[in-house]
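**Student:** would you be able to build a 3D model of this:
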Amino acid sequence: MATNQQPRYDLTRYPVQEEVWVDVYWRDDPAGRGPCASLYVRDLELLRCDCFDGDQGHCHINFEQNRAQRWYYPPGSVRQHIEQSAVNVSKNVPFCLRSHHDPAIQEMRIDAGKLKEVAQQMRDRMLALADQLGL
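**Tutor:** Residues are numbered from 1 along each chain as shown. As a prediction, the model looks like this:
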């Protein structure tokens, strides 16, 4: 699995299919404080959603390949960023797959129905973490 620079607290894993899963956790580090989620494919972090307050909420697409560059969400609350993250996981994973430099990742197919189901579970867990953190 890819190495994580920041500590991840209260991690919950949601399997999508073989070699695909979503981790939900929270972080509190210089980048921000709040609920986060990472979608992995074959041990690669394909999509990370960092739901931080104000103008700091963002996601990373093909984390290592793009050297952790951020795609910022519109300024909003942690809860708004969680909702955007659920949309990203339920609808934008095919883009993440096709834009990866590894042909094996590009060719991977993920069950859209199962991905939508896990995106809802991810959303619910992230909202619970936001409540736990008082956000």
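**Student:** list the contacts of the nearest residue to Val78 once chain neighbours are set aside.
**Tutor:** Nearest non-adjacent residue to Val78, counting by CB to CB, 6 or more residues apart in numbering: Leu135, 4.4 Å away. In this view, the C-beta of every residue, glycine as well, is placed from N, C-alpha and C. Neighbouring residues of Leu135 by CB atoms under 8 Å, 6 or more residues apart in numbering: 33-35, 53, 78-79.
**Student:** which one of those is nearest Glu18?
**Tutor:** Closest approach between these and Glu18, by CB to CB: Pro35, at 26.2 Å.
**Student:** tell me which element Asp10 is part of?
**Tutor:** strand 9-17 (DSSP states H and E).
**Student:** again with Gln121
**Tutor:** Per DSSP H and E, Gln121 falls inside helix 112-133.
**Student:** I would like the residues contacting that helix, please.
**Tutor:** Contacts to helix 112-133, defined as CB under 8 Å, 6+ apart, come from residues 10, 12, 14-17, 22, 24-26, 33-37, 51, 78-79, 82-83, 85-87, 89-90, 93.
**Student:** kindly report the same for stretch 50-69.
**Tutor:** For stretch 50-69, the surrounding residues in contact (CB under 8 Å, 6+ apart) are 2, 27, 31-36, 44-49, 70-73, 75-78, 80-82, 84-85, 88, 95-96, 99-101, 126, 130, 135.
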